[in-house]
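Visitor: Structure here, sequence nowhere to be found:
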Ligand SMILES: Cc1cc2nc3c(=O)[nH]c(=O)nc-3n(C[C@H](O)[C@H](O)[C@H](O)COP(=O)(O)O)c2cc1C
């Protein structure tokens, strides 16, 4: 079984809550879970699977703590890692930049030799623009705690089931 860490950046705890729900669903794997404000390089390097979560702030900006960590993230050699992304956003209030923070993390990962898992069809969501969409799918799990809170638990459950085969 692969070793997993969930690393999240969260300004008002929504992404943290989602991270904790994901961790619970993956309890069999005993994942580590950490706030990106408190991570070390070693946290990224010692695990096989990285589950990275961020909210979007400003207009399409990466969550603050992730933004602060970004220069270090860019320098990490994550070759061979399996990576899954999740992003919190507001599809009604910020319909033109929905979960763009997840798009920013994805852009960084494109420069790295990683295997990305956990894409989600965008057709289940209502929004105008997102940098986190490629070919009709979100590059990870999009969640909207502001407008679709009731969909969060089932979306997490379905997503975790979809990524589990890649975690064995
Ligand atoms: C000032 C501000 C700006 C935001 N900008 C965006 C945005 O551009 N795109 C988006 O999808 N959500 C945006 N949001 C919504 C947050 O991403 C959303 O509320 C999220 O659940 C917050 O998660 P967190 O508590 O983990 O930080 C914004 C929220 C605030 C307060």
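Guide: Done, it's in. The shown structure was predicted, so the numbers you read here are calculated from the model rather than taken from an experiment.
Visitor: What parts of this protein come near the ligand?
Guide: Proximity of the chain to the ligand, by Cβ under 6 Å from any ligand atom, involves residues 10-15, 55-60, 63, 88-90, 94, 97-100, 145-146. (Each C-beta comes from the backbone N, C-alpha and C, glycine too.)
Visitor: What about those residues, which are in helices?
Guide: Mapping the residues of the chain next to the ligand onto helices (DSSP state H) picks out 14-15, 100.
Visitor: Could you single out the nearest of these to residue 150?
Guide: residue 14 (14.0 Å; Cβ to Cβ).
Visitor: Tell me how far the nearest residue to the closest one once chain neighbours are set aside lies from residue 44.
Guide: Excluding the flanking residues, the one nearest residue 14 by Cβ to Cβ, 6 or more residues apart in numbering is residue 145, at 4.2 Å. From residue 145 across to residue 44, the span is 26 Å (Cβ to Cβ, to the nearest Å).
Visitor: if we can go back for a sec, my guess is the residue nearest to residue 14 contacts residue 87, does it?
Guide: No. Counting by Cβ atoms under 8 Å, residue 87 is not a contact partner of residue 145; they are 11.2 Å apart.
Visitor: Leaving aside the residues adjacent along the chain, what's closest to the residue of the chain found nearest the ligand?
Guide: Proximity of the chain to the ligand (Cβ to the nearest ligand atom) peaks at residue 89, 2.3 Å away. Once flanking residues are discounted, residue 89 sits nearest to residue 99: 3.8 Å by Cβ to Cβ, 6+ apart.
Visitor: Report the central residue of this protein.
Guide: residue 86 (2.4 Å; Cα atoms, centre = their mean).
Visitor: For the closest residue to residue 120 other than its chain neighbours, which residues are in contact?
Guide: Distances taken as Cβ to Cβ, 6+ apart place residue 138 nearest to residue 120, at 4.6 Å, with adjacent residues excluded. Neighbouring residues of residue 138 by Cβ atoms under 8 Å, 6 or more residues apart in numbering: 87, 99, 102, 119-122, 125, 130, 132.
Visitor: Residue 31 now?
Guide: Here residue 31 is in contact with 4-6, 22-23, 51 (Cβ under 8 Å, 6+ apart).
Visitor: Leaving out chain neighbours, which residue sits closest to it?
Guide: Nearest non-adjacent residue to residue 31, counting by Cβ to Cβ, 6+ apart: residue 4, 3.9 Å away.
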